[in-house]
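Asks: test case, fold it:
(one chain, ligands or ions: 1)
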Amino acid sequence: MKTNKSNVLQVINVSKKYANVLANDEVSLTLNHAQIHALLGENGAGKSTLVKIIYGLVKPDRGKMILNGQKYAPDNPQKARMSGVGMVFQHFSLFDSLTVAQNILLGLDKRQSSTSLLDKIVQISTDYGLALEPRMIVGDLSAGERQRIEIVRCLLQNPKLLIMDEPTSVLTPTEIEQLFNTLNQLSAQGTSILYISHKLEEVRKLCGEGTILRNGQVIKNFIPSTTTSSEIAELMVGKKVQSTIKSKSRAKNIILNINNLSIDSRTPFGTNLKNISLKVRQGEILGIGGVAGSGQDELLLTLTGESKVKKNTLFYKNKDIGNLNPQERREIGFLTAPEERLGHAAAPEMTLMENCLITAKKSKNLMVHGWINFTKTGDFANDIIKKFDVRAGDNKSLAKTLSGGNLQKFLIGRELSQDPEVIIVNQPTWGVDAAAAQFIRQALLNLVSHGTAAIIISQDLDELIEISDRFTALVNGSMSTPRITTELTVSEIGLMLSTENAPK
Ligand code: ADP
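Replies: Numbering: from 1, shown residues only. Below you'll find the predicted structure:
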């Protein structure tokens, strides 16, 4: 591979092995000047490892990189930034109680006076359409605004290459459009962008070039605009990706009844829930749409039993279960899968087997008289690993070593395998690749076809339209009247989601 002026970065035969996984296997990649280059692959394909190598967070075992014609081997992210490589992570690292400007200042490598910084923030926000008010407190901002802070922080350091990891997963359609305008402008002005995403239509619209990884290897370099989404998905997975099959709705008796539920958020920047009433039947999926921060976390906490609710607000099989704690709820077949995988749904430092005990010890009889049945627990974990195609070393792997999508498959598998009567899932396929997302949706559909009632909270509208029987929107902590999904038009859904119609 010859260095040429149109290259920004050449990655040459880079390999990285973790204990028993070859995460990057002789990866070679050329990023051209002023191009938006998509990096695609299933969960566990090696995308994060590759970008962490480029950003100096992980050292490759073999191979080399050339940045702007010079040998490039950053020891840490600061060196990467000094060489002109910036990265916007999927999870923002911001302090909620500080202002936009304070957060930006904290993230900069070089000291700057706050007055000149304020000017620069305003300048960059104006130049790139990244609307931000430097004095606002971050806790009051939307996901889109938080992301803009991270982008501005990167742009202040003048990157020649900007890496973006799943940038649109937390954004509303309007925010996505704004982001694309900014990225197109940056690339027109000469910045190269390496763009990780699972949203294939977005990639086709935005990216001029693309690379597909599978099992740590480069499978193909391709031109997104002339390759169909199903061709891309097939290359990622290595086989045809099927669409979900929904059996005819067989909604029966009301099993869950939420009655005029109001609750104040436990966090200062959370959303209070206002007079929520909802009835869910056996054999149906009720989809709840809404942008992040509309009260989803608060609703989930009341359903898991972590937030206390008033009497006569939460009925399961006609019994008031508002006073039951999370464990007691699980024992009566009322399961929940929160959005935050590590820390909430799974204990990061525990093995997959131990993580099974957390929620399934009673329902699966994994513990008897205080003794763990290791054979049974191991078999249960192995069943989930096999059935849900979880790519992990084995059932003794620590939860934190799994890639986000694989951990998600494991956690959803753990809950669905307990044959719940009611299951509530927040963001079932967040950060999960096309094939795994399809698998999870199908598993949910199969479960409700046997009579389980499901509430699916998601920011992915397409997902809700695909699998839900009825749809409702959570906006500013209030919920609209659920409607039959197939009877709704896209503009009606848009209206339900619009904050203008919601009570403040
Ligand atoms: P992707 O970003 O495409 O989902 P990753 O680069 O995160 O893929 O992971 C590639 C493979 O390397 C996966 O099998 C993952 O489990 C493994 N892996 C990643 N990070 C670690 C780590 N710190 N320790 C052990 N295995 C890891």
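
Asks: what separation do you get for the residue lying farthest from the centre of the chain and the ligand?
Replies: Taking C-alpha atoms, centre = their mean, the residue of the chain most remote from its mean C-alpha position is residue 369, at 38.2 Å. Distance, residue 369 to the ligand, by C-beta to the nearest ligand atom, to the nearest Å: 36 Å. Placement of C-beta: from N, CA and C, glycine included.

Asks: so who does that residue touch?
Replies: Listed by C-beta atoms under 8 Å, 6 or more residues apart in numbering, the contact set of residue 369 is empty.

Asks: how about the strands in the stretch 1-150 of the chain?
Replies: For the stretch 1-150 of the chain, applying DSSP state E, counting those that start in this stretch gives strands covering 7-18, 21-32, 36-40, 62-67, 70-71, 85-88.

Asks: which other helices and strands does the fifth one contact?
Replies: Using 3 or more C-beta pairs under 8 Å, 6 or more residues apart in numbering; DSSP states H and E, no helix or strand is in contact with strand 70-71.

Asks: got a list of contacts for that strand?
Replies: 64-65.

Asks: low-confidence regions, the stretch 1-150 of the chain specifically.
Replies: 1-5 (pLDDT under 70).

Asks: now the stretch 401-504 of the chain
Replies: Checking the stretch 401-504 of the chain against pLDDT under 70 turns up 498-504.

Asks: cool, the stretch 151-300 of the chain as well?
Replies: The stretch 151-300 of the chain contains residues with pLDDT under 70 at 173, 240-244, 247-251.

Asks: can you give me the strands for it?
Replies: All strands of the stretch 151-300 of the chain, identified by DSSP E, counting those that start in this stretch, fall at 161-165, 192-196, 209-214, 217-222, 254-263, 273-281, 285-289.

Asks: contact partners of the last one?
Replies: Under the contact criterion C-beta under 8 Å, 6+ apart, strand 285-289 has outside partners 278, 280, 296, 299, 444-445, 448, 453-459, 461, 463-465, 467-474, 479, 482, 485, 493, 496-497.

Asks: tell me which of the strands of the stretch 1-150 of the chain sits most buried.
Replies: strand 36-40 (a mean of 25; mean count of other C-beta atoms under 10 Å).

Asks: run the angle between that strand and strand 217-222 for me.
Replies: 140 degrees (axes from the mean of the first three to the mean of the last three C-alpha atoms, to 10 degrees).

Asks: burial of the residue of the stretch 251-400 of the chain found nearest the ligand, as a residue count?
Replies: For the stretch 251-400 of the chain, the residue closest to the ligand is residue 391, as judged by C-beta to the nearest ligand atom, at 5.2 Å. As a burial measure, residue 391 scores 19 neighbours (other C-beta atoms under 10 Å).

Asks: which one is it nearest to, not counting chain neighbours?
Replies: Leaving out its chain neighbours, the residue that sits closest to residue 391 by C-beta to C-beta, 6 or more residues apart in numbering is residue 44, at 4.4 Å.

Asks: from residue 403, how far off is the one you found?
Replies: Here residue 44 is placed at a distance of 5 Å from residue 403 (C-beta to C-beta, to the nearest Å).

Asks: can you pull the residues that touch both of these two?
Replies: residue 391.

Asks: is the ligand within reach of stretch 396-407?
Replies: Yes - counting by C-beta under 6 Å from any ligand atom, contacts between stretch 396-407 and the ligand involve 401-403, 405.

Asks: roughly how far out does that stretch sit from the chain middle?
Replies: 15 Å (C-alpha atoms, centre = their mean, to the nearest Å).

Asks: repeat that for stretch 25-36.
Replies: On C-alpha atoms, centre = their mean, the centre of stretch 25-36 falls 25 Å from that of its chain.

Asks: quick one: contacts of that stretch?
Replies: For stretch 25-36, the surrounding residues in contact (C-beta under 8 Å, 6+ apart) are 1, 5-15, 37, 46, 50, 63, 161, 183-184, 187-195, 206-209, 211, 213, 215-218.

Asks: residue contacts, residue 260?
Replies: Shown in contact with residue 260 (C-beta under 8 Å, 6+ apart): 275-277, 313.

Asks: filter those down to the buried ones, PyMOL style.
Replies: Here is the PyMOL command that selects the buried residues among these (16 or more other C-beta atoms under 10 Å):
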select buried, resi 276+313
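
Asks: ok, the contacts of residue 260 vs residue 124, which is closest?
Replies: When the contacts of residue 260 are compared for distance to residue 124 (C-beta to C-beta), residue 276 wins out at 40.4 Å.

Asks: the closest one is in contact with residue 257, isn't it?
Replies: No - look at residue 276 against residue 257 with C-beta atoms under 8 Å: they stay out of range, at 11.3 Å.

Asks: so who does residue 324 touch?
Replies: 305, 332.

Asks: can you tell me how far the nearest residue to residue 362 once chain neighbours are set aside is from residue 359?
Replies: Setting aside the residues directly before and after it, residue 362 is nearest to residue 331 in space (C-beta to C-beta, 6+ apart), at 5.1 Å. Distance from residue 331 to residue 359, counting by C-beta to C-beta: 10 Å.

Asks: among those two, which residue is more densely surrounded?
Replies: Higher neighbour count among residue 331 and residue 359: residue 359, with 22 against 13, using other C-beta under 10 Å.

Asks: quick one: whichever strand or helix holds residue 446 to chain centroid distance?
Replies: For residue 446, the element it lies in under DSSP states H and E is helix 434-449. In terms of C-alpha atoms, centre = their mean, the gap separating the centre of helix 434-449 from the centre of its chain is 17 Å.

Asks: what about that helix and the ligand, any contact?
Replies: No - using C-beta under 6 Å from any ligand atom, helix 434-449 stays clear of the ligand, coming no nearer than 10.1 Å.

Asks: what residues of that helix count as buried?
Replies: Per 16+ other C-beta under 10 Å, helix 434-449 contains these buried residues: 434-445, 447-448.

Asks: same question for stretch 256-268.
Replies: 256-259, 261, 263, 265.

Asks: now it, how far from the centre of its chain.
Replies: Distance of stretch 256-268 from the chain centroid (C-alpha atoms, centre = their mean) equals 24 Å.

Asks: if we can go back for a sec, just so I know, which of the strands of the stretch 151-300 of the chain lies nearest residue 323?
Replies: Closest to residue 323 of the strands of the stretch 151-300 of the chain is strand 254-263 (C-beta to C-beta; 14.0 Å).
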